[in-house]
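> After the sequence you'll find the predicted model.
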Amino acid sequence: MAFTLEEMLQNHSIVYRYDQIQTDKLYYGSSFDRFYTVYRIFLNSNKLIMLKKWLKKVLPRKAADTSKQCVLPFSEHRIKPEKLSFAAEKVIKRLQNADFQAYVVGGAVRDLLLGVTPKDFDVATNATPEQVRKLFRRSRIIGRRFPIVHVMVGPETIEVTTFRGGELHCQNELGRIMKDTSFGTLVQDAMRRDFTANALYYDPFKQQVLDYHHGVEDIRARRLVMIGEPLARYQEDPVRMLRAVRLSGKLGFSVEAATAEPIMQCAPLLQREPSARLFDEILKILFCGHASACLHQLRDLGLAGAHPLLDALMPAMATEQNIVALTLHNTDERLRQDKSVSVGFVLAAVLWPRVQKAWQQYLDSGMSASGAMNTAIADERTHLDKSWGIPQRYTVMMREIWTLQPQFEARRGARPFRLVTQKRFRAAFDFLCLRAQLGEVQQEKAEWWQQFQQATEAERQKMIHRVPASESLASTRKRRRKPKAKDSTHEKTS
């Protein structure tokens, strides 16, 4: 009777009694010598994890279980190949012609099933990054945790990912994946995906959709389900909690109870993530086109305090009559109309209540409008530079928009002419219009500046002369020069 190492190890506890050796040697026969050698290695090292890794290398791998694979023909998924971009189709065709597997994967397949045009297309393949790099001249390998390839086809960039394996090579004490360079099979890759709705693979040439985790069923039921054990998956990558918020809010999906339950418990893990990575994920929430719905999901799932920027966004849920809610609403509308949006402008609006409060305090202390604003911005910059993770290209634009707000109060002399030539004038003016819409400044001033932009030189001069002479910035008053110190030698001689 033959036994495998796994069966023999399962039959014994860690402590192997000496009087049991001879009995087991007769019982297991020829398999015992191999088992006992493994046991002695384990006993000497006293590290169970090392033993498990060694066994995975020694024992023959089990064949992948493909019994759960569901292949959907065109009659069921109704995805037409022409809905793919030219670049995605070209990348898949070249990979398949080189005898590699290649599929459109993830959110693109999900969106196509929902009848939504995908923003981009990702490709999964069994080719290694180096093999992909050789096939495409205009490509580059990026990524530290898991290398991927960016393939440039015309103006479009296709992200090509090698199938991920089942092993997690490097995790910290909390279960967080620090490095993941194991490549695997299609089945293993499907298991490594986060949500069932994202574990779908579309072959445009066979016109088939491969589904390993009932993702199509969950999409039709409009529910978000985590693959595997949710608690362990959140520990592997805490950012998955923010993805759950974004996808459920954007798609209008409900979060399955088992998927949502560990989120509040795992929320503190987000504070250990790099602030820049969290900021990038929050930007995806703000610019997904359904920011308001995502914010409600943030609150319902218990993630409101995971990042300072999320705390700044919470007033948008209290009432629609604030600059944060109004900006997010306008941003969602522009995105739905496929119009451009400015990250710096939106962030300037989100953080404006904090800056405005400090500005008013400095004004009340007797400072000039411009001086009070500059001091308030300096205070806010101290907080932003600590743990917010906002790139400098955005903070510079935010400060410029805020700095120009007091300047709109000066409508006499040469200042209006200088103001309209500023680089950020248009963004600052749009910001002024938001404030006027909420009653922070007079609507008449916003209309005046709108007319001033469109007026001719002569009309601008007339508009300036019609402004009351009493209207001016406190900072326009000339400062008295300090008297020069008298020369001590001159005093002595005189």
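Structure's in. What do you need?
> ranges for the strands of the stretch 101-250 of the chain?
Remark: strands assigned in the stretch 101-250 of the chain by DSSP state E, counting those that start in this stretch are 102-105, 122-125, 139-142, 148-153, 156-162, 170-171, 177-179, 200-203, 208-211, 223-224.
> can you list those strands in JSON lines and add mean neighbour count, distance to Ala378 and mean pLDDT?
To be clear about C-beta, it is placed using only N, CA and C from the backbone, and glycine gets the same treatment. Formatted as JSON lines, the strands of the stretch 101-250 of the chain follow (neighbours: other CB atoms under 10 Å; distance: least, CB to CB, whole Å; pLDDT from 0 to 100):
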{"stretch": "strand 102-105", "mean neighbour count": "26", "distance to Ala378": "47", "mean pLDDT": "98"}
{"stretch": "strand 122-125", "mean neighbour count": "24", "distance to Ala378": "42", "mean pLDDT": "97"}
{"stretch": "strand 139-142", "mean neighbour count": "14", "distance to Ala378": "36", "mean pLDDT": "95"}
{"stretch": "strand 148-153", "mean neighbour count": "19", "distance to Ala378": "39", "mean pLDDT": "96"}
{"stretch": "strand 156-162", "mean neighbour count": "20", "distance to Ala378": "39", "mean pLDDT": "96"}
{"stretch": "strand 170-171", "mean neighbour count": "12", "distance to Ala378": "41", "mean pLDDT": "54"}
{"stretch": "strand 177-179", "mean neighbour count": "13", "distance to Ala378": "37", "mean pLDDT": "53"}
{"stretch": "strand 200-203", "mean neighbour count": "24", "distance to Ala378": "50", "mean pLDDT": "97"}
{"stretch": "strand 208-211", "mean neighbour count": "22", "distance to Ala378": "55", "mean pLDDT": "96"}
{"stretch": "strand 223-224", "mean neighbour count": "22", "distance to Ala378": "42", "mean pLDDT": "96"}
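> Can you convert these into TSV and add a column each for distance to Met398?
Output for the strands of the stretch 101-250 of the chain, formatted as TSV (distance: least, CB to CB, whole Å):
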stretch	distance to Met398
strand 102-105	36
strand 122-125	32
strand 139-142	28
strand 148-153	30
strand 156-162	28
strand 170-171	37
strand 177-179	33
strand 200-203	39
strand 208-211	44
strand 223-224	33
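> Looking at those, spot the one closest to Val187.
For Val187, the closest of these is strand 208-211, at 9.7 Å, according to CB to CB.
> List the buried residues for the one helix or strand Val91 maps to?
According to DSSP states H and E, Val91 maps onto helix 86-97. For helix 86-97, burial by neighbour count (16 or more other CB atoms under 10 Å) applies to 87-92, 94-96.
> for stretch 347-355, same thing?
347-352, 355.
> quick one: contacts of that stretch?
309, 312-313, 315, 322-324, 326-327, 373, 376-377, 380, 384, 390, 394, 397-398, 401-402, 431, 434 (CB atoms under 8 Å, 6 or more residues apart in numbering).
> how long is it end to end?
12 Å (CA to CA, to the nearest Å).
> Counting neighbours, what do you get for the nearest residue in space to Arg415 that is not next to it in sequence?
Of all residues not flanking Arg415 in the chain, Gln407 sits nearest, at 6.9 Å (CB to CB, 6 or more residues apart in numbering). Neighbours of Gln407 under the rule other CB atoms under 10 Å: 21.
> helix/strand/coil for Gln407?
Of the three states, Gln407 takes helix under DSSP: H, G, I helix; E, B strand; the rest coil.
> which SSE is the residue most central in space within the chain in?
By CA atoms, centre = their mean, the chain has its centre lying nearest to Glu281, at 1.6 Å. Assigned by DSSP H and E, Glu281 falls within helix 275-286.
> Residues touching that helix, excluding its own?
By CB under 8 Å, 6+ apart, helix 275-286 touches 239, 242-243, 245-246, 249, 270, 291, 294-295, 298, 306-307, 309-310, 313, 328, 331, 343, 346, 387-391.
> try 7 Å this time
Contact with helix 275-286 is made by 239, 242, 245-246, 270, 291, 294, 307, 309-310, 343, 346, 387-390, as judged by CB atoms under 7 Å, 6 or more residues apart in numbering.
> For Arg145, state which of those is nearest.
Closest approach to Arg145 among these (CB to CB): Val239, at 11.7 Å.
> quick revisit: who wins for most neighbours among the contacts of helix 275-286?
Val245 (30 neighbours).
> how long is stretch 269-279 end to end?
With CA to CA, one end of stretch 269-279 sits 15 Å from the other.
> Name the residues of it that are buried.
By neighbour count with 16+ other CB under 10 Å, stretch 269-279 contains the buried residues 269-270, 273, 275, 278-279.
> can you redo these as JSON lines with pLDDT?
Output for those, formatted as JSON lines (pLDDT from 0 to 100):
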{"residue": "Leu269", "pLDDT": "92"}
{"residue": "Leu270", "pLDDT": "91"}
{"residue": "Glu273", "pLDDT": "88"}
{"residue": "Ser275", "pLDDT": "86"}
{"residue": "Leu278", "pLDDT": "91"}
{"residue": "Phe279", "pLDDT": "91"}
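> how about those in a markdown table, adding distance to Gly115?
Formatted as a markdown table, the entries for those read as follows, by distance: CB to CB, whole Å:
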| residue | distance to Gly115 |
| --- | --- |
| Leu269 | 35 |
| Leu270 | 33 |
| Glu273 | 34 |
| Ser275 | 37 |
| Leu278 | 32 |
| Phe279 | 31 |
